[in-house]
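Novice: Next input, structure requested:
(chains A and B)
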Number of protein chains: 2
Amino acid sequence: MNFEMGRVVVTEILACDILISDVSLLPLPDPNHFIEKGWLAIQGPEILALGKGDPPACAAKKRMDGAGCLVMPGLINAHLHAPMTLFRGLADDLPLKSWLEEHIFPAEGKWVSGEFVYWGTLLACAEMVRSGTTAFSDGYFFEDQAARAALQSGMRGLAAQGILDFPTPDSPSPAESIQRIKNYIRDYSGSELIKPAIFAHTVYTCSPNLLKECRSLAERHGVPLVTHLSESRSEIEEVMKKYGRRPVDHLENLGLLSSSLIACHCVWLTEEEMDLLARRKVRVVHNPESNMKLASGVAPVPDLLARGVAVGLGTDGCASNNNLDLFQEMDFAAKLHKVHRLDPTVMPSQTVLEMATLGGARVLGMEEEVGSLEAGKKADVIVLELNRPHLQPMYNPVSQLVYSATGADVRDVIIDGKLIMENRKLLTLNEEEILEHAKEWGRKISAKR
Amino acid sequence: MNFEMGRVVVTEILACDILISDVSLLPLPDPNHFIEKGWLAIQGPEILALGKGDPPACAAKKRMDGAGCLVMPGLINAHLHAPMTLFRGLADDLPLKSWLEEHIFPAEGKWVSGEFVYWGTLLACAEMVRSGTTAFSDGYFFEDQAARAALQSGMRGLAAQGILDFPTPDSPSPAESIQRIKNYIRDYSGSELIKPAIFAHTVYTCSPNLLKECRSLAERHGVPLVTHLSESRSEIEEVMKKYGRRPVDHLENLGLLSSSLIACHCVWLTEEEMDLLARRKVRVVHNPESNMKLASGVAPVPDLLARGVAVGLGTDGCASNNNLDLFQEMDFAAKLHKVHRLDPTVMPSQTVLEMATLGGARVLGMEEEVGSLEAGKKADVIVLELNRPHLQPMYNPVSQLVYSATGADVRDVIIDGKLIMENRKLLTLNEEEILEHAKEWGRKISAKR
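Specialist: So this is what the prediction gives:
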């Protein structure tokens, strides 16, 4: 029996909480460590051991049959705006400015409330769990309600409270946003699964002083600072015009570039900017579907990865995607860069899969806990059914996951050692109630358009 | 009651074979004709009537409850190599030349047989039906076996027998390929659902004489001629070097550009070439995922559509995609052109949905029969479940289908008035047996790599 794959060498197992057997395993990050038939044991919130062949004889509180299935680390959605599920498909195929200013901002001003955020996040969690995502990094308003919903779902993640220079749905002024952030961090800093963070929207919607204040707050409380960075050409132009610097340079000047910063999008970067982001250990999130749908551009992800930058994969919000399926996002990530560079060898499937697992864990600052299946790591595990026409035959499990699978192939989800979905049934969330609320929000919003 | 939507106005229905009621309907091609709650009646192979509200009182042999579902035309996969499902994920992320010459061609030479084509096509049909595709245009070798498998599945389509200048898996010489084509057309020209066609691989693998012979054959028998055209830059260079003309010009010179020609890919086209394709009424198939994965380039689809060219959507084979899900293909098609042109308004969702339905029907020469839900048209109908977290709320059904849904949302499939999949169970195919054969082929091919 092979117990040496994890960090903790276990020679004997007497008991465990969950035992999955007769299953294929892709522990990652090394895709060559594929186990065609093996087992995985979970004790409390952690992976106890995993190995080849038949499991050791042991007392297991719950046994799961993995025949015809594959076990792998849960995927990590490193950037989204969860409550925007309630705006899914509200406005598409529009010029960016009109999309944002005539549709999304007005809809947010009119509809976003604590209740909206709570139900929207529940819907997002239901969708994420169903499609094999076990951890995420969210940024929005009324983030305490997002955290509340996420905790209810049993998911892991960062939930970042948003702030802008102008009145937001939850705060009439930046000063009140700051106070809200302080309260939020105080209330959630002890939370085990959902960690608080700050979401400073962009360099063009947050003043230099506000950005510096966010930086200080993040440093003082030891929480990450999330922002959108260099997403579109118009952002570069606007920031150049306003501050005489490009966005990256502007943030460097304000002292924001550090390992505490999670920079989302990073589409329009110069070589020097990429060097600087790498030097400052800024964490980056790639959102290919959103960048494509909004026609923002193609982020230089292969160049960032070559510089050793931690890059995660995100779906962005449902108004610009319009779903939260990271399996599909991987497919887009792998194919987009190939056609953009006219080179089929860039962004091979294992690079993309690592981005959606360990890469995302690095972005969330959780790479010691999740992102791969190793004894001693948290048990964030998903089970996919392989016995389906679109997943056979299987020559290469990594290729199959990136190019052929979708989130609909996920059968079971375990987070922090707890079963969250079993045989496609959500166990922590009342899906029927969530769908009813989602439809009701849809009806209300449609009626007043 | 609204009976006027179809081409045949029905004032009273006494009986029908299948009645789907309490369902949302998107009859297409006009996306504005969305019916939130309605019904659809099928008699024999045809749509008898459809309407708003409750169905008329009538005797129905089979009643289907459509609550929480959407009825729409089945999708049409306008270009694939069905048997290549058995090579799914065999070779990825490789330079095109090495992919084709070191992996795909040798694998085809070694493994492709009548049995391979039969089982690979059954697997493809199972995957297509599951993901809501009701008609397709295939091109490969031993095409009689592909047609045999497709007929068994109950699908509709074109099955084109392949020919090249050099020995192929089914014919030691082009002369024998020609004879095979003649026999194949003779055997299948009376077939109701699967129509024969000729697949002349490319202008660089078929000599001018061979192409002219294929053209004559196609004309004589009134069958379409399928080819790959201007797929990659290297093709353009090679053909220029060999014939002193670009591929489109070369085909024009040989008299091949006509409404009988189905030209797949069409990535590298000049303005003049697009004008010419439009003038000659050549039918075009766009394969965005394959073009992205192989880094072939981005086809000028918006410009072709602007010229009135009939453009369908295809997945291409599973060695370059690697699945046959047209819902995902629509998502790629919509997003790829936006980012390529840095314009979020190009390829709106309704354009893409039309490409995958009526556009595909035009390519197959079946636009009078399928591609939309109208009384008198063939009943190629799919039923999607909308009551899922990633499909709620729904502001715009077309957006939801293109940007949020996948083939896994399809619950029922009806082709030619016959139930092919009901509540996710395939009724015409033995899925278990097909999966066992697919795995066995995978094992054999893996063992000898």
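
Novice: looking at chain A, which helix or strand does the model trust least?
Specialist: helix A:96-98 (a mean of 82; mean pLDDT, DSSP states H and E).

Novice: next structured bit after it?
Specialist: Counting by DSSP states H and E, the next helix or strand C-terminal to helix A:96-98 is helix A:105-111.

Novice: Show me which residues of stretch A:192-206 are buried.
Specialist: If you call a residue buried by 16 or more other Cβ atoms under 10 Å in any protein chain shown, then stretch A:192-206 has these buried ones: A:193-206. Placement of C-beta: from N, CA and C, glycine included.

Novice: Show me which pair in those residues is furthest apart.
Specialist: Distance extremes for the buried residues of stretch A:192-206: the farthest pair is A:193 and A:204 at 33.1 Å, using Cβ to Cβ.

Novice: that older thread, what sits up against the least confident helix or strand of chain A?
Specialist: For helix A:96-98, contacts defined as Cβ atoms under 8 Å, 6 or more residues apart in numbering or on different chains pick out A:232, A:234, A:294-296, B:344.

Novice: Which positions within it qualify as buried?
Specialist: Those would be residue A:96, for helix A:96-98 by 16+ other Cβ under 10 Å.

Novice: what do you get for stretch A:245-254?
Specialist: A:246-252, A:254.

Novice: List the contacts of the residue positioned nearest the centre of chain A.
Specialist: Centroid-nearest residue in chain A, with Cα atoms, centre = their mean: residue A:77, separated by 1.5 Å. Applying Cβ under 8 Å, 6+ apart to residue A:77 gives the contacts A:128, A:133, A:135-137, A:313-315, A:324, A:326, A:360.

Novice: can you do 7 Å?
Specialist: Contact analysis of residue A:77 by Cβ atoms under 7 Å, 6 or more residues apart in numbering or on different chains lists A:128, A:133, A:136, A:314-315, A:324, A:326.

Novice: How about the one residue in the stretch 251-400 of chain A that gets nearest to chain B: what's its closest non-neighbour residue?
Specialist: For the stretch 251-400 of chain A and chain B, the shortest gap (Cβ to the nearest Cβ) falls at residue A:393, measuring 2.5 Å. Leaving aside its sequence neighbours, residue A:393 sits nearest to residue B:442 (Cβ to Cβ, 6 or more residues apart in numbering or on different chains; 2.5 Å).

Novice: so which strand or helix has the one you found?
Specialist: In this structure, residue B:442 sits in helix B:431-447 according to DSSP H and E.

Novice: buried set for that helix?
Specialist: Buried-residue list, helix B:431-447, by 16+ other Cβ under 10 Å: B:431, B:434-435, B:437-438, B:441-442, B:445.

Novice: just stretch A:358-369 next, same as before
Specialist: A:358-367, A:369.

Novice: sec struct for residue A:332, please.
Specialist: Here residue A:332 is recorded as helix under DSSP: H, G, I helix; E, B strand; the rest coil.

Novice: How about the contacts made by it?
Specialist: A:288-289, A:292.

Novice: And it, how far from residue B:182?
Specialist: 44 Å (Cβ to Cβ, to the nearest Å).

Novice: cool, residue A:311 as well?
Specialist: 56 Å.

Novice: again, but for residue A:80
Specialist: Residue A:80 sits at a distance of 57 Å from residue B:182 (criterion: Cβ to Cβ).

Novice: higher neighbour count, the two?
Specialist: Shown here are residue A:80 and residue B:182; by other Cβ atoms under 10 Å in any protein chain shown, residue A:80 has more neighbours (30 against 14).

Novice: number of nearby residues for the nearest residue to that one once chain neighbours are set aside?
Specialist: Distances taken as Cβ to Cβ, 6+ apart put residue A:315 closest to residue A:80, at 5.3 Å, once the chain neighbours are dropped. Residues within reach of residue A:315, counting by other Cβ under 10 Å, total 32.

Novice: pretty sure residue A:384 belongs to a helix, no?
Specialist: No: counting by three-state DSSP, one finds residue A:384 to be strand, located in no helix.

Novice: from memory it sits against residue A:70, does it?
Specialist: Yes: the criterion here is Cβ atoms under 7 Å, and residue A:384 meets it with residue A:70 at 4.8 Å.

Novice: So between the two, which is more surrounded?
Specialist: The neighbour comparison of residue A:384 against residue A:70 (other Cβ under 10 Å) goes to residue A:384, with 28 against 25.

Novice: List the residues that contact that one.
Specialist: Residue A:384 sits in contact with A:69-70, A:405, A:409-411, where contact means Cβ under 7 Å, 6+ apart.

Novice: Out of the residues you listed, name the ones that lie in strands.
Specialist: A:69-70, A:410-411 (DSSP state E).

Novice: And the buried ones among those residues, selectable in PyMOL?
Specialist: Command for PyMOL that selects the buried part of the ones in strands among the contacts of residue A:384, burial taken from 16+ other Cβ under 10 Å:
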select buried, chain A and resi 69+70+410+411
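
Novice: Nearest to residue B:238 among the ones in strands among the contacts of residue A:384?
Specialist: Nearest member of the ones in strands among the contacts of residue A:384 to residue B:238, counting by Cβ to Cβ, is residue A:70, at 41.0 Å.

Novice: thinking again about what came up before, got the contact list for the helix holding residue B:442?
Specialist: A:387, A:389, A:392-395, B:86, B:107, B:111, B:116, B:119, B:122-123, B:126.

Novice: quick one: the residue nearest to residue A:385 when sequence neighbours are not counted and residue A:126, what's the gap?
Specialist: Excluding the flanking residues, the one nearest residue A:385 by Cβ to Cβ, 6+ apart is residue A:411, at 5.0 Å. Using Cβ to Cβ, we find residue A:411 at a distance of 16 Å from residue A:126.

Novice: tell me the SS of residue A:259?
Specialist: Classified using three-state DSSP, residue A:259 is coil.

Novice: Would you check that it makes contact with residue A:278?
Specialist: No: between residue A:259 and residue A:278 there is no contact under Cβ under 7 Å: 11.2 Å.

Novice: Give me the more crowded residue out of the two.
Specialist: Between residue A:259 and residue A:278, counted using other Cβ under 10 Å, the more crowded position is residue A:278 (17 against 12).

Novice: how does chain A divide into domains?
Specialist: Domain ranges of chain A: A:15-73+A:380-424, A:75-363, per automatic domain parsing.
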